[in-house]
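Q: below are the sequence and a predicted model; questions follow.
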Amino acid sequence: MKDILKYAVSNLWDRKTRSLLSILSILIGITAIFALISFGQGLNSYMLEFGEEMGTDKVFMMPGGGLAQAPGTSNILFSEDDLDFIKKVNGVGEASGMFIENGRIKFKDYREVYT
């Protein structure tokens with residue numbers, strides 16, 4: 001065993017440049033793997049936090065719509081009974097109504113339509 005260790009150290013010492021480059025490449029590889037794993041975990045953490053802030057646990061329902069028209073552009077409205085029914089569905093924490101209407105903004109010569 002001593003002979004093998006002595007032979008290995010002797011070869012490392014005799015081939016200094018090759019040994020140094022080999023050790024350097026191993027260190028660079030380990031550092032790159034560590035950096036990529038850290039980046040992936042940081043990105044995953046950021047996406048989870050971003051999803052919680054944006055409310056990925058929320059569902060917006062609009063009456064009407066379908067293939068022929070955009071959702072929310074019909075004259076059909078949810079009634080209070082519809083809202084009460086949605087509140088009773090298992091897994092629903094909250095339900096509330098919202099009224100959206102287009103409006104015109106006019107200021108001096110500036111005019112714009114907003115929803």
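A: Alright, I've got the coordinates.
Q: which helix or strand contains the one residue sitting closest to the centre of the chain?
A: What sits nearest the mean C-alpha location of the chain, by C-alpha atoms, centre = their mean, is residue 47, with 3.1 Å. In this structure, residue 47 sits in helix 16-54 according to DSSP states H and E.
Q: per-residue confidence for the residue nearest to the centre of the chain?
A: Looking at residue 47, its pLDDT stands at 88.
Q: next one: it from residue 84, what distance?
A: Residue 47 is 36 Å from residue 84, where distance means C-beta to C-beta, to the nearest Å. C-beta coordinates here come from the backbone N, C-alpha and C atoms, glycine included.
Q: and what of residue 27?
A: The separation that residue 27 has from residue 84, given C-beta to C-beta, amounts to 65 Å.
Q: if I pick residue 34, what's in contact with it?
A: By C-beta atoms under 8 Å, 6 or more residues apart in numbering, the contact set of residue 34 is empty.
Q: I meant residue 13, not that one.
A: Contacts of residue 13 (C-beta under 8 Å, 6+ apart): residue 19.
Q: report the secondary structure state of it.
A: Going by DSSP: H, G, I helix; E, B strand; the rest coil, the secondary structure assigned to residue 13 is helix.
Q: what lines up beside the helix-or-strand element of the chain with minimal mean pLDDT in the sheet?
A: Taking mean pLDDT, DSSP states H and E as the measure, strand 110-114 is the helix or strand of the chain with the lowest mean score, a mean of 78. Strand 110-114 has the following strand partners under DSSP bridges: strand 103-107 (antiparallel).
Q: okay, now residue 12: neighbour count?
A: 14 (other C-beta atoms under 10 Å).
Q: what's near enough to touch the nearest residue to it once chain neighbours are set aside?
A: What sits nearest to residue 12 in space, not counting adjacent residues and going by C-beta to C-beta, 6 or more residues apart in numbering, is residue 19, at 4.6 Å. Residue 19 sits next to 11, 12, 13 when contact means C-beta under 8 Å, 6+ apart.
Q: wait, which of these is closest to residue 62?
A: Nearest to residue 62 among these, counting by C-beta to C-beta, is residue 12 at 71.9 Å.
Q: residues contacting the very next helix or strand once past the helix holding residue 47, please?
A: For helix 16-54, the following helix or strand on the C-terminal side (DSSP H and E) is helix 80-88. For helix 80-88, contacts defined as C-beta under 8 Å, 6+ apart pick out 61, 92, 94, 95, 96, 97.
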